[in-house]
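**Q** Need a 3D model of the following:
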Amino acid sequence: QQGPDHKYQLIARKRRPDFKVTLTALSSGLPRGSGREFVAKAERLDDFDGSIRIDFAKPPPGLRVTTPVVIQAGQIQAFGALYADAEAPDLEANATLAATATATLAGREITRDLKPLGPINLTPAPKLLVRVLPARGGSAEDLSRDRPLELTIRPGETISARVQATRRGFKDRIALGSHDAGRNLPHGVYVDNVGLNGLLVVEGQTEREFFITCDEWVPETTRLFHLKAAPEKGLVTPPSCSRSVTIDESRARPSS
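**A** This is a model prediction of the structure:
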């Protein structure tokens with residue numbers, strides 16, 4: 001097609017790297033004694049490729065949030081979770097949690113306010129609780145609110161851990177995802193060997209061993225991660241600390 005009214009405008013300007021971050025709403029009310037996942041999504045403008053840190057204000061008494069949540073360089077999203085203690089006091093209706101996003105642009109650190117996370121409405125305890133435990137030994141009682149389970153993995157290594165379910169009348173199988181089961185693990189670290197059906201705790205069972213693999217190129221980093229169970233609109237485990245450690249090339253690589 002062509003014609004005298006087929007016009008266009010061409011604009012030439014300097015490249016201005018920039019970013020925008022949005023937080024997804026919680027999938028449902030926040031159940032006491034458990035948590036919900038949220039996603040921090042980045043829109044990268046003009047080839048901005050740096051990391052973005054999302055910080056949350058101090059939550060109300062009885063609530064905990066993974067903070068900061070970091071969108072790694074070159075990535076477009078990161079996962080976090082908001083938790084309510086079993087004895088969390090009531091909140092104001094449709095409460096929210098303030099958040100900011102910070103990144104370095106042209107050598108300057110820029111911080112922007114985000115639309116708050118929420119609404120947050122507390123609901124009764126769910127029929128299912130899930131948490132991550134060491135591969136051997138340890139129990140839910142060994143983990144404190146302020147000191148999450150820490151898992152250390154070296155490049156080229158595969159380690160194991162356990163997911164434990166507390167069933168309160170919930171009898172069905174518990175789906176925990178597939179290749180994406182490790183929510184917010186560092187880029188290059190992932191839940192491995194999940195098979196065709198993904199990571200499952202089947203009917204009649206309360207525990208399942210699972211494996212985490214770290215690719216050889218992953219740099220040293222530490223991140224909080226969680227597992228997300230599908231029942232009851234998505235219930236997440238309390239945060240676990242995944243630490244990827246780089247070792248000297250002169251040392252032998254650990255076997256998987």
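**Q** For residue 48, give me its contacts.
**A** By Cβ atoms under 8 Å, 6 or more residues apart in numbering, residue 48 lies in contact with 17-19, 103, 105. C-beta coordinates here come from the backbone N, C-alpha and C atoms, glycine included.
**Q** Any chance of the residues you listed in TSV with pLDDT as columns?
**A** Listed next are the contacts of residue 48 as TSV, based on pLDDT from 0 to 100:
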residue	pLDDT
17	95
18	96
19	97
103	98
105	96
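**Q** out of these, who has the most neighbours?
**A** residue 103 (23 neighbours; other Cβ atoms under 10 Å).
**Q** Can I get the host helix or strand of that residue in PDB, CA atoms only?
**A** Taking DSSP states H and E as the definition, residue 103 sits inside strand 99-105. C-alpha atoms of strand 99-105 as PDB (Å, rounded to 0.1, in the frame of the first residue of the first chain):
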ATOM      1  CA  ALA A  99       8.600  -1.300  48.300                       C
ATOM      2  CA  THR A 100      11.400   0.400  46.300                       C
ATOM      3  CA  ALA A 101      13.500  -0.700  43.300                       C
ATOM      4  CA  THR A 102      17.200   0.400  43.100                       C
ATOM      5  CA  ALA A 103      19.600   0.000  40.200                       C
ATOM      6  CA  THR A 104      22.800   1.800  38.900                       C
ATOM      7  CA  LEU A 105      22.300   3.800  35.800                       C
END
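**Q** Show me what that strand packs onto, helices and strands only.
**A** strand 18-23, strand 52-56, strand 108-113 (3 or more Cβ pairs under 8 Å, 6 or more residues apart in numbering; DSSP states H and E).
**Q** Packed most tightly, which of those would that be?
**A** A comparison of the helices and strands packed on strand 99-105 by mean neighbour count, using mean count of other Cβ atoms under 10 Å, puts strand 52-56 on top with a mean of 21.
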